[in-house]
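Undergrad: sequence? don't have it. structure:
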């Protein structure tokens, strides 16, 4: 199930600098780490006007998604709200692909966004498993029973060089996709937050994560159809929280999924 809503109440979501980035035409972008200045995409808003969602709306949607997943509620409980937030995201082409330094852009290793003393990877593992046994450090997950929401696979997880890769942590909005839809315009600190945000982390079977790679919702959805609504809604929360845009194909794919849920 998705972890609890945070960091910092979904990053306060639209503090002044990021609100300007989301509400404008995404112009005045920062130079890439390589020193090249990319062309700013000409964002086009959806028909409803593309007004940036309020922070309270994102906090509410994140809570609805988490509660529905935890309690097994029908996704109709959040589909309409997710559609509304989707309608407020900017729509633009992805930036042209350029190689980027993943660790240099999103941080090295896992951080501790909720300040509980455990890194985001182990928190994501523990939140997704039952019968969890931790190392004596109180953080590292050594064993547990994992049921993958993406595929339905059940895996008896055991930490080890040969067995740990059977359960991997997916970035719900892939970092390469995030980079090409606005994340490179964020500060380094904001990108580290995005990479470690519990809303953007989901344990899944290794083969599923390998299959997804960095594809967006227009090109990849979880094999288990019953999780499509939650998956897409989580992507929308992440995109809105970090002022990322969606491509037209991505927007349309997300809309189609949520309309089927509503």
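TA: Received it, and whenever you're ready, just let me know what you need. As the structure is a prediction and not an experimental result, all values here were calculated from the model.

Undergrad: buried ones in stretch 182-202?
TA: 182-186, 190-202 (16 or more other Cβ atoms under 10 Å). (C-beta placed from N, C-alpha, C; glycine too.)

Undergrad: meant to ask about stretch 231-249, not that
TA: Here stretch 231-249 shows 231-247 as buried, counting by 16+ other Cβ under 10 Å.

Undergrad: And that stretch, how far out from the chain middle?
TA: Distance of stretch 231-249 from the chain centroid (Cα atoms, centre = their mean, to the nearest Å) equals 8 Å.

Undergrad: which residues in the stretch 1-150 of the chain form strands?
TA: 129-134, 141-147 (DSSP state E, counting those that start in this stretch).

Undergrad: what is the orientation angle of the longest one with strand 129-134?
TA: So the one you mean is strand 141-147. Strand 141-147 and strand 129-134 are oriented at 180 degrees to each other (axes from the mean of the first three to the mean of the last three Cα atoms, to 10 degrees).

Undergrad: begin at 7 from here
TA: Shifting the count to begin at 7 puts that one at strand 147-153.

Undergrad: Find the nearest non-adjacent residue to residue 230, please.
TA: Excluding its sequence neighbours, the residue lying closest to residue 230 (Cβ to Cβ, 6 or more residues apart in numbering) is residue 158, at 4.9 Å.

Undergrad: Need the three-state assignment for the one you found.
TA: The three-state assignment at residue 158 reads coil, by DSSP: H, G, I helix; E, B strand; the rest coil.

Undergrad: Run a quick neighbour tally on it.
TA: For residue 158, the count of nearby residues is 13 (other Cβ atoms under 10 Å).

Undergrad: doesn't residue 228 make contact with it?
TA: No: assessed by Cβ atoms under 8 Å, residue 158 is found out of contact with residue 228, at 9.4 Å.

Undergrad: give me every residue that touches the residue nearest to the spatial centre of the chain.
TA: With distances taken as Cα atoms, centre = their mean, residue 206 lies nearest the centre of the chain, 3.0 Å away. Contacts for residue 206 (Cβ atoms under 8 Å, 6 or more residues apart in numbering) come out as 177-179, 200, 240, 244.

Undergrad: Those in strands, which ones?
TA: Counted as lying in strands by DSSP state E, out of the contacts of residue 206, are residue 177.
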